[in-house]
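Participant: Structure of the sequence below:
(one chain, ligands or ions: 1)
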Amino acid sequence: ASAPSSSTVENGEPSSPVEPSDGASVVDVNPPRGTRDFPPEDMRLRTWLFDQFREVSRVMAFEEVDFPVLESEALFIRKAGEEITQQLYNFEDKGGRRVVLRPEITPSLARLVIKQGKSVSLPLKWFTIGQCWRYERMTRGRRREHYQWNMDIFGMPKVRAESELLQAIILLFERLGITSSDVGIRVSSRKVLQAVLNMYSIPEHLFTEVCVIVDKLGKLTREEIEKKLVTIGLSSEAVLGIIEVLSLKSLPKLEEVLGSDVEAVADLKKLFSFAEQYGYADWICFDASVVRGLAYYTGIVFEAFDRDGKLRAICGGGRYDRLLSTFGSEDIPACGFGFGDAVIVELLKEKGLLPDLSRQIDDIVFPLDEELEGPACSVASSLRRQGRSVDLVEDKRLKWVFKHAERINAGRLILVGKSEWERGMVRVKILSTREEFEVKAGELQ
Ligand SMILES: Nc1ccc(Br)nc1
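Facilitator: Okay, here's the model as predicted:
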């Protein structure tokens with residue numbers, strides 16, 4: 001169905017549907033701007049992708065959790081100028097409460113951990129797959145919703161938690177047929193930036209803002225970044241020092257600049273040594289420019305990228321040891337990642353790795369005339385109770401049924417005919433071999 005032929009557009013939102021000449025109003029059958037429908041073919045791909053997320057979560061011994069898409073706005077009010085908080089899909093509900101369609105999952109995870117309090121034993125490893133929202137001016141024509149797979153570990157202060165999360169991401173890529181030649185994971189730590197700020201005696205309260213600004217490296221020009229850093233009060237000497245360290249892509253060089261006793265260097269060296277033991281060292285690389293754009297990261301951060309450089313980050317995450325105290329609770333060390341459902345599909349298309357997910361049905365049951373509709377129901381019911389997927393077809397010509405069988409890749413066609421049924425039999429046609437035989441209706445499997 002097409003969108004209304006002409007409608008005024010305010011802020012990228014179409015106005016009410018156009019009134020056709022005959023007066024009947026035609027609803028706009030498109031979903032709201034920036035959102036997607038999932039018709040069967042798209043839903044099969046999404047279900048397949050989410051099944052991969054779930055299977056990796058299972059082998060990593062994570063437990064599934066879930067939350068409302070609707071959350072209190074208070075959970076996402078942060079002052080660091082992040083894009084994610086400037087695009088909140090927020091509104092006031094009929095009870096006057098300030099609420100949002102959540103833009104990310106981590107604050108909900110933190111909320112639940114706080115709510116569960118002492119009843120959860122640490123470390124806990126939780127995952128979820130959930131829709132996240134942003135209110136983006138439609139001028140940029142970007143999506144307003146996507147689904148994110150999140151895996152988070154609470155109560156594991158050492159970098160083995162990050163190395164566990166990296167294994168999960170890499171297991172997912174491997175399951176999809178993606179190799180370390182297609183994708184890499186840039187790893188760094190915000191403690192690198194912290195060490196640099198300390199070298200220039202930059203006050204601690206500027207740390208988060210600096211992170212959010214330098215995360216835009218690659219999106220904004222170097223001049224724009226430098227200007228923003230100077231604007232928040234950094235000296236041009238400090239700005240140059242930051243840019244210089246963030247351009248490092250060698251851990252030994254970082255160690256030369258910062259020294260071996262800096263926590264950032266120790267953490268990263270341990271992480272890279274664990275990577276050798278896990279067997280995924282060829283997937284990861286140190287890159288000091290990785291800071292990620294979320295205000296609450298405090299340590300190791302990472303993001304997966306396509307080595308051809310055609311796509312946006314595939315997934316990203318990091319350590320956030322002080323998020324809970326921003327909600328007034330006692331801190332619990334934590335780290336996690338978010339893995340969106342859109343960029344990965346673009347990458348699979350690029351690499352020709354989309355799986356064949358055509359519809360598969362075990363049996364079509366078809367009564368050859370109207371008085372056999374009842375017996376056809378009982379045949380279909382018996383097969384379904386055995387776990388076979390059965391499409392019970394009626395009121396169609398046999399020619400259509402054969403075409404339909406091809407369309408839905410049915411394995412067998414079970415014909416319920418008068419003469420056979422009177423002998424307690426049905427006719428079975430194996431569609432791949434054209435083999436045809438009679439079977440006792442009561443013994444059909
Ligand atoms: N945070 C967020 C939400 C929705 C989309 Br689409 N992208 C990012």
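Participant: next structured bit after whatever helix or strand residue 193 lives in?
Facilitator: Counting by DSSP states H and E, the element that carries residue 193 is helix 190-199. On the C-terminal side of helix 190-199, the closest following helix or strand by DSSP H and E is helix 207-214.
Participant: what helices or strands is that following helix leaning on?
Facilitator: Helix 207-214 sits against helix 190-199, helix 222-231, helix 236-246, with contacts defined as 3 or more Cβ pairs under 8 Å, 6 or more residues apart in numbering; DSSP states H and E. From N, CA and C alone the C-beta is placed, and that goes for glycine too.
Participant: same thing but at 7 Å, please
Facilitator: helix 190-199, helix 222-231 (3 or more Cβ pairs under 7 Å, 6 or more residues apart in numbering; DSSP states H and E).
Participant: what does the protein put close to the ligand?
Facilitator: Contact residues, the chain versus the ligand (Cβ under 6 Å from any ligand atom): 84, 103, 104, 132, 133, 134, 143, 144, 145, 146.
Participant: among these, which are in helices?
Facilitator: residue 84 (DSSP state H).
Participant: hang on, the earlier thing: tell me what angle the helix holding residue 193 forms with helix 207-214.
Facilitator: Relative orientation of helix 190-199 and helix 207-214, computed by axes from the mean of the first three to the mean of the last three Cα atoms, to 10 degrees: 110 degrees.
Participant: Report the buried residues of helix 190-199.
Facilitator: 190, 191, 192, 193, 194, 195, 196, 197 (16 or more other Cβ atoms under 10 Å).
Participant: who touches it?
Facilitator: 207, 210-211, 214, 241-242, 245, 254, 258, 262-264, 267, 288, 291, 297-299, 301 (Cβ atoms under 7 Å, 6 or more residues apart in numbering).
Participant: just to revisit the earlier point, of all the helices and strands packed on helix 207-214, which one is nearest residue 391?
Facilitator: Minimum separation from residue 391 across those (Cβ to Cβ) falls at helix 190-199, 54.9 Å.
Participant: list the contacts for residue 175?
Facilitator: Taking Cβ under 7 Å, 6+ apart, one finds 52, 55, 56 in contact with residue 175.
Participant: avg pLDDT for the helix or strand harbouring it?
Facilitator: If you go by DSSP H and E, residue 175 is part of helix 160-176. Average pLDDT, helix 160-176: 98.
Participant: cool, and stretch 427-441?
Facilitator: 97.
Participant: Need the distance between the two termini of it.
Facilitator: 9 Å (Cα to Cα, to the nearest Å).
Participant: swap in stretch 78-89?
Facilitator: 15 Å.
Participant: buried stuff in that stretch?
Facilitator: 78, 80, 82, 84, 85, 87, 88, 89.
Participant: where does it sit relative to the chain's centre, distance-wise?
Facilitator: 20 Å (Cα atoms, centre = their mean, to the nearest Å).
Participant: ditto for stretch 342-349
Facilitator: With Cα atoms, centre = their mean, you get 11 Å for stretch 342-349.
Participant: Show the contacting residues for the spatially closest residue to residue 319 that is not a sequence neighbour.
Facilitator: Computed as Cβ to Cβ, 6 or more residues apart in numbering, the closest residue to residue 319 that is not its neighbour in sequence is residue 299, at 3.4 Å. By Cβ under 7 Å, 6+ apart, the contact set of residue 299 is 189, 190, 191, 267, 318, 319, 321.
Participant: Which pLDDT value belongs to the residue found closest to residue 220 once you drop the neighbours it is linked to in the chain?
Facilitator: Of all residues not flanking residue 220 in the chain, residue 228 sits nearest, at 7.7 Å (Cβ to Cβ, 6+ apart). We have a pLDDT of 94 for residue 228.
Participant: is it true that residue 228 touches residue 214?
Facilitator: No. Under the criterion of Cβ atoms under 7 Å, residue 228 makes no contact with residue 214, lying 9.0 Å away.
Participant: Quick one: neighbours of the nearest residue to residue 153 once chain neighbours are set aside, just the number.
Facilitator: Spatially, and ignoring its direct neighbours in sequence, residue 153 is nearest to residue 161 (4.4 Å; Cβ to Cβ, 6+ apart). Residue 161 has 23 neighbouring residues, counting by other Cβ atoms under 10 Å.
Participant: Please tell me how far residue 161 sits from residue 381.
Facilitator: Relative to residue 381, residue 161 is positioned 50 Å away (Cβ to Cβ, to the nearest Å).
Participant: before we move on, what about residue 158?
Facilitator: 56 Å.
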